[in-house]
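Asker: Build me a model:
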Amino acid sequence: MIQLSKRLQTVADFVKEDAVLADIGSDHAYLPTYLVKKGIIQRAVAGEVVKGPYESALKNVKREAVDEQIMVRLANGLAAIEKSDQIDTVTIAGMGGALIASILEEGKEKLETVERIIAQPNIHAEAIRKWAVLNGWRVVGEKILKEDHKIYEIVVLERGRTTYTEKEQLLGPFLLEEKNEVFHEKWKREMTQWERILDSLKDATEDASVKEKKATLNEKITLVEEVLRN
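Answerer: Below is the predicted model:
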């Protein structure tokens, strides 16, 4: 039986029973293979844009005898989804938040039958929350976890109109409620990084872009400091 990493297991935990899944950027197709073998999902599409991982996914799916339930496709982003698939759940894990948001934006027409999106950005989860608000999706669940010294966020979306404050977009509405130990560690790290950038800008020419960058960083530091203090 495939053993998922802590990160992918957390993604898997958000997949509903009997889902029809599209795993975008599936790498070795571990996630859909695990979900099929556990009897959690009916079937899946594993989409991969890079030839090496695509071929690896094909081999893994065949070796695990799930090639009838999992269709592996070489395609860019949501282009892996065909209308006849009737996909209701999309997972996108292991990329930057801005890239995930751009994949969702570029393939919007492929989300017609999709009810749930589970995104696991390595950085900049804020971009996914912003995309959600602009496109009629809302955050219905979030997790933050640490694995191998790296911190990951998982953001789960379902259809629905909503708005979020700047604080909620940056830090996550559900994560803000919980504020666990990993949350504190992540945002302390981020503040340290922002302070370093501010320090490096001290001697920079004070043009409009530098002023704007400084103001944005100072705003973020103030916001995060307040959250961590409370």
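Asker: and the chain, what are its domains?
Answerer: By the assignment in automatic domain parsing, the chain contains the domains 6-162, 183-229.
Asker: Nearest to E177 among those would be which one?
Answerer: Evaluated over the domains of the chain, closeness to E177 peaks at domain 6-162, with 9.1 Å, by C-beta to C-beta. For glycine as for every other residue, the C-beta is placed from the backbone atoms N, C-alpha and C.
Asker: ok so, going back, okay, the domains of the chain, which one's buried deepest?
Answerer: By mean neighbour count, with neighbours taken as mean count of other C-beta atoms under 10 Å, domain 6-162 ranks first of the domains of the chain at a mean of 19.
Asker: next one: it to chain centre, how far?
Answerer: 8 Å (C-alpha atoms, centre = their mean, to the nearest Å).
Asker: measure it end to end?
Answerer: Distance across domain 6-162, first residue to last, is 30 Å (C-alpha to C-alpha, to the nearest Å).
Asker: swap in stretch 119-133?
Answerer: End-to-end distance for stretch 119-133: 15 Å, by C-alpha to C-alpha.
Asker: for R138, phi and psi?
Answerer: When read as degrees, to the nearest 10, the backbone of R138 gives phi -140, psi 160.
Asker: which ones are touching it?
Answerer: 132, 157-162 (C-beta atoms under 8 Å, 6 or more residues apart in numbering).
Asker: out of the residues you listed, which are inside strands?
Answerer: The strands, defined by DSSP state E, take in 157-159 from the contacts of R138.
Asker: pLDDT averaged over stretch 196-213, what's the number?
Answerer: When pLDDT is averaged over stretch 196-213, the result is 89.
Asker: Start at 15, not 1
Answerer: Will do, 15 is the new start, and the previous item becomes stretch 210-227.
Asker: Can you tell me what sits against it?
Answerer: With C-beta under 8 Å, 6+ apart, stretch 210-227 has contacts from 228, 231-232.
Asker: at 7 Å instead, please
Answerer: Stretch 210-227 has contacts (C-beta atoms under 7 Å, 6 or more residues apart in numbering) with 228, 231.
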